[in-house]
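Undergrad: Next input, structure requested:
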Amino acid sequence: MLGLTTDRLALFALASLVLAATPGPVWLYLISRTLAQGRRAGYFSMFGVAAGLSLHATFAAFGLTIGLLAVPYAFDAIKLAGAAYLLWLAYTTVRGAGFTFQPQPLDPVRDRVLLRQAFVAAVVNPKVAMFYLSLFPQFVDPTAGPVLAQSLLLGAIQVSTAALMDVALVTVAGALAAWFAQRPLWLQLQRWFLVSAFGVLAVWLASTPRNNSN
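TA: Below is the predicted model:
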């Protein structure tokens, strides 16, 4: 297919599955969203993440990512912007309720807002861009066909594989969320759980060096 053998595609799909099954920032983001706001919020966040990954994969396939990251300090600027955005999400989560531990359900978040927030969170993570830059060259065969078409196909496979794993993740977390929702203590802690998750993700992103492939 497009110059890529079935064996090569199968190997790439397996590598994508292993990477998708490895706990990381996306796991923490989706689990925290789902536990705090329910399965529906988790699914819409998952779609937003998938859209962000698709954009990164497309940019990498067209060679735009390597040009952007060649700009001095671009990687650091993007990751700091991403960390700042996550801290902003943490602030907006707690802003409406004030600093209280009284039982208080989280305010409902519109589906399009969940999509947008997850999309932006994925886009402003430069480690995703580095991931595609490091993975594609290992499987693309310039002698077998158009490199662009091969890269786009690999990107579609990776995003689809990650989405399947994320569906399973959100489904399990959603079942736990339904159980937690019946516990009064969780009503006190869910907002702060989500705020803490955003804070951890912000620190994680801001402190990640460029040469770290995790």
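Undergrad: Tell me the helices and strands packed up against the lowest-mean-pLDDT helix or strand in the chain.
TA: Least confident helix or strand of the chain, by mean pLDDT, DSSP states H and E, is helix 64-69 with a mean of 78. Helix 64-69 is packed against helix 39-61, helix 126-135, with contacts defined by 3 or more Cβ pairs under 8 Å, 6 or more residues apart in numbering; DSSP states H and E. Heads up, the C-betas are built off the backbone N, CA and C, glycines and all.
Undergrad: Whichever helix or strand comes after the last one: which residues count as buried?
TA: Put plainly, it is helix 126-135. Per DSSP states H and E, the first helix or strand lying C-terminal to helix 126-135 is helix 147-180. Neighbour-count burial for helix 147-180, counted by 16 or more other Cβ atoms under 10 Å, picks out 147, 150-155, 157-163, 165-166, 169-170, 173-174, 177, 180.
Undergrad: So which of the helices and strands packed on helix 64-69 is nearest Leu17?
TA: helix 126-135 (12.9 Å; Cβ to Cβ).
Undergrad: Now the least confident helix or strand of the chain - C-alpha only, PDB.
TA: The C-alpha trace of helix 64-69 is given here as PDB (Å, rounded to 0.1, in the frame of the first residue of the first chain):
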ATOM      1  CA  LEU A  64       6.600  21.700   8.500                       C
ATOM      2  CA  THR A  65       7.500  20.400  12.000                       C
ATOM      3  CA  ILE A  66      11.200  20.100  11.400                       C
ATOM      4  CA  GLY A  67      11.300  23.600  10.000                       C
ATOM      5  CA  LEU A  68       9.400  25.000  13.000                       C
ATOM      6  CA  LEU A  69      11.600  23.200  15.500                       C
END
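Undergrad: what angle do the following helix or strand past that helix and helix 126-135 make?
TA: Using DSSP H and E, the helix or strand that follows helix 64-69 in sequence is helix 74-95. Angle of helix 74-95 versus helix 126-135, following axes from the mean of the first three to the mean of the last three Cα atoms, to 10 degrees, is 140 degrees.
Undergrad: residues making contact with the helix or strand following helix 74-95?
TA: For helix 74-95, the following helix or strand on the C-terminal side (DSSP H and E) is helix 111-123. Contacts to helix 111-123, defined as Cβ atoms under 8 Å, 6 or more residues apart in numbering, come from residues 26, 29, 33, 40-41, 44-49, 51-53, 55-56, 82, 85-86, 89, 128, 201.
Undergrad: same deal with stretch 190-207?
TA: Here stretch 190-207 has contacts from 25, 28-29, 31-33, 35-37, 79-80, 82-84, 86-87, 89-90, 93-94, 97, 101, 104-106, 121, 125, 127, 180, using Cβ under 8 Å, 6+ apart.
Undergrad: Buried residues, it. List them.
TA: For stretch 190-207, burial by neighbour count (16+ other Cβ under 10 Å) applies to 190-195, 197-199, 201-202, 204-205.
Undergrad: just stretch 54-66 next, same as before
TA: Here stretch 54-66 shows Ser54, Leu55, His56, Ala57, Thr58, Phe59, Ala60, Ala61, Thr65 as buried, counting by 16+ other Cβ under 10 Å.
Undergrad: Sweet, I'm off.
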